[in-house]
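Student: build me a model:
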Amino acid sequence: MIKLYKITSLLIVITIIICTTNMIYNHKKYNSIYQMKWTKAAKEFDNNFFKTPEAVRIGNNLLLFQKTSGGWPKNTRMQDKIPPEIVPQVMYTKDYVSLSTVDNDATTTEIRYLARLYNVKKDKKYKQAVISGINYLLQAQYKDSGGFPQYYPADYNDYHLDITFNDNAIINILKIMQEITKKKYPFNFLDDTIVKKAKIALDKGIDCILKTQIIQNGELTGWCGQYDSLGLFPLEGRAYEPIAIYSKESANILLFLMSLKNPSPEIINAIENGVAWFEKSKITGKKLTVISNVKGEKDITVTQCEECPPIWARFYDIDSNQPIFSDRTNKIYNKLEDIDYERRNNYDWYFLDGDKVFEKYKKWKKNKKRN
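Tutor: Below you'll find the model as predicted:
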């Protein structure tokens, strides 16, 4: 009996040590995630996290910040603890629907997080928030063109209303519609009515992508960041975002198109030409370098590097396909060094991940041959 007691006590101690160790580990792990920008942090939480009270706390934050439109505002640290005195202020802004946006990964991030939380907790309030968010995206889609604006509804008659590929706004939406259509986790709990609506939205969104691919000297290339919602012609965004072919956005569009099952001849043609444009537009023998300028400030420049992987300019002129740069005055420059210090060092003027397009293309081409 004493021996059994000692064994039981030892097991309890061991269990406590293991649990404490896991708690310390998880505490440190999640604390580091908490320091990140919310939209990045949300992607880092593993499935085990959604079993914790912390996941519920954050989920309730998301419910609090969700607008009556079904969307969410951007640049909000949803993972932070909200002081009780702030809650009434947040509640007061629920009807400020013009703050609802898909810019900077807003709304799509919250929908995905709450869908994961519902899969674990099965609390209907999370399910309803997910459905409300999806309905917001469906309502925001332009019925004629199939594109999506950056803000919906928008108080501004400017680029907020344009069809927006910039910063992956539309691609983030279409990925969710794609997963819903496949009844893929974490959207495996949605009913057939929503699945059918998502399929229609997905097809119209893909059609918009095909119609907006830029033609240069008779050949399809990449995509601009913004387009007119009716005429589907390219538009400038902010002052330093000119009408151009955007390499970063074009890459993500191509990666999305290559994820589609049984692509149509039109989709295949868009992919083939888009990849060819990436090959034609790559910049070799150069890299981005941080230097100290004459004022002793850190400054970014382009230097020679014969063995470095290729890079791509963020913007390419629609007619000449030459890299272009801009600043807050809307003026176009041919060199990074020509724009002012503030813009030069506070924007991603080059895209470094174009090789992902080639890697995905090789796999896509191989799979296409098998089928």
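
Student: what's the closest non-adjacent residue to residue 308?
Tutor: Excluding its sequence neighbours, the residue lying closest to residue 308 (Cβ to Cβ, 6 or more residues apart in numbering) is residue 287, at 4.4 Å. Every C-beta, even on glycine, is put in place using the N, C-alpha and C of the backbone.

Student: how about the one you found, what does it touch?
Tutor: The contact partners of residue 287, by Cβ atoms under 8 Å, 6 or more residues apart in numbering, come to 302-303, 305, 308, 311.

Student: and what of residue 363?
Tutor: The neighbourhood of residue 363, defined by Cβ under 8 Å, 6+ apart, contains no residues.

Student: what do you get if the cut-off is 10 Å, keeping everything else the same?
Tutor: If a contact means Cβ atoms under 10 Å, 6 or more residues apart in numbering, then residue 363 has residue 258 as its contacts.

Student: distance between stretch 107-114 and the chain's centre?
Tutor: 11 Å (Cα atoms, centre = their mean, to the nearest Å).

Student: what does stretch 53-60 give?
Tutor: Put simply, stretch 53-60 sits 22 Å off its chain's centre (Cα atoms, centre = their mean).

Student: tell me the mean pLDDT for that stretch?
Tutor: In this model, stretch 53-60 has an average pLDDT of 97.

Student: before we move on, back to that, filter the contacts of residue 287 down to the buried ones, PyMOL style.
Tutor: With 16 or more other Cβ atoms under 10 Å as the criterion, this PyMOL line picks the buried residues out of the contacts of residue 287:
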select buried, resi 302+311
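
Student: flag the shaky bits of the chain, pLDDT-wise.
Tutor: Residue ranges of the chain with pLDDT under 70: 1-29, 370-371.

Student: 90 - rerun?
Tutor: Across the chain, residues meeting the criterion (pLDDT under 90) sit at 1-35, 154-159, 294, 367-371.

Student: tell me, how many residues neighbour residue 70?
Tutor: 23 (other Cβ atoms under 10 Å).

Student: before we move on, which element is the residue nearest to it when sequence neighbours are not counted in?
Tutor: Spatially, and ignoring its direct neighbours in sequence, residue 70 is nearest to residue 136 (3.1 Å; Cβ to Cβ, 6+ apart). Assigned by DSSP states H and E, residue 136 belongs to helix 124-140.

Student: list the buried ones in that helix?
Tutor: Of all the residues in helix 124-140, those buried under the rule 16+ other Cβ under 10 Å are 126-127, 129-134, 136-138, 140.
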